[in-house]
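Participant: sequence and computational prediction follow.
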Amino acid sequence: MLQSICNGWEFTKQWSQAFCLGEGCGTPVRLPHNAQDLPNHYGDHNAYQMICGYRKKLPIPAEYAGKRLFLQFDGAGHIATVYVNGKELATHRCGYTGFRVEITDAVHEGENTVAVKLDTTENGEVPPFGFVIDYLTYGGLYREAWLDVR
């Protein structure tokens, strides 16, 4: 069963472990979201390169007991590290491919905190970087996100 989890996220332009753990405030956002809006004809690539983050409260109902749970991100630019309840679960290194993370053993019944740390800086080892490109490469959770219950 695939459920959209695009609503109810918070965003910060300055990632911290405290943000990952649910402390402080972020800016409320809905996915898809990009980390930095730029005006037309503004080409300063430093303006959208950062280590930023997203988080959301994810309720897990009792009826999910005994089932396998996965988070699916359809697009996260560019290096995404996924945490659940402060525990690092996975890192995905490509801004243009979706990915899934099993969260079954990291969640509990009730409210859980999902956080995604994004490194949006240019890195020649992570697509789309590594050669000449002629478009902006800003980051963010720029596609939809899902909870998959199996």
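Facilitator: Arrived safely, thanks for sending.
Participant: remind me which residues of the chain are low pLDDT?
Facilitator: By pLDDT under 70, the low-scoring segments of the chain are 38-47, 127, 129-137.
Participant: any idea how far the residue nearest the centre of it lies from residue 80?
Facilitator: Nearest to the mean C-alpha position of the chain, by Cα atoms, centre = their mean, lies residue 116 at 3.9 Å. According to Cβ to Cβ, to the nearest Å, residue 116 stands 6 Å off from residue 80. C-betas here are computed from N, CA, C, even on glycine.
Participant: the strands in the protein, which residues?
Facilitator: Counting by DSSP state E, the segments of the chain that form strands are 2-4, 9-12, 27-29, 51-60, 69-73, 79-84, 87-93, 99-102, 110-119, 145-149.
Participant: then stretch 71-89 to CSV, C-alphas only?
Facilitator: Output of stretch 71-89 as CSV, limited to C-alpha atoms (Å, rounded to 0.1, in the frame of the first residue of the first chain):
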residue,chain,number,x,y,z
LEU,A,71,10.2,5.3,2.5
GLN,A,72,10.4,6.1,-1.2
PHE,A,73,11.8,9.4,-2.5
ASP,A,74,11.2,10.0,-6.2
GLY,A,75,13.9,12.7,-6.4
ALA,A,76,16.4,14.2,-3.9
GLY,A,77,19.2,16.4,-5.1
HIS,A,78,22.0,15.5,-4.7
ILE,A,79,23.4,13.5,-1.8
ALA,A,80,20.6,12.4,0.5
THR,A,81,21.0,10.8,3.9
VAL,A,82,17.9,9.5,5.6
TYR,A,83,17.4,9.3,9.4
VAL,A,84,14.5,7.9,11.4
ASN,A,85,14.3,8.8,15.0
GLY,A,86,17.9,10.1,14.9
LYS,A,87,19.3,6.8,13.4
GLU,A,88,21.1,7.1,10.1
LEU,A,89,19.6,4.5,7.7
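Participant: gap between that stretch and the chain center?
Facilitator: Its chain's C-alpha centre lies 5 Å from the corresponding centre of stretch 71-89 when counted by Cα atoms, centre = their mean, to the nearest Å.
Participant: still on that earlier bit, and the residue nearest to the centre of the chain, bridged to which residues?
Facilitator: Using DSSP bridges, the bridge partners assigned to residue 116 are residue 54, residue 82.
Participant: so residue 68 touches residue 104, yeah?
Facilitator: Yes. Under the criterion of Cβ atoms under 8 Å, residue 68 makes contact with residue 104 at 4.9 Å.
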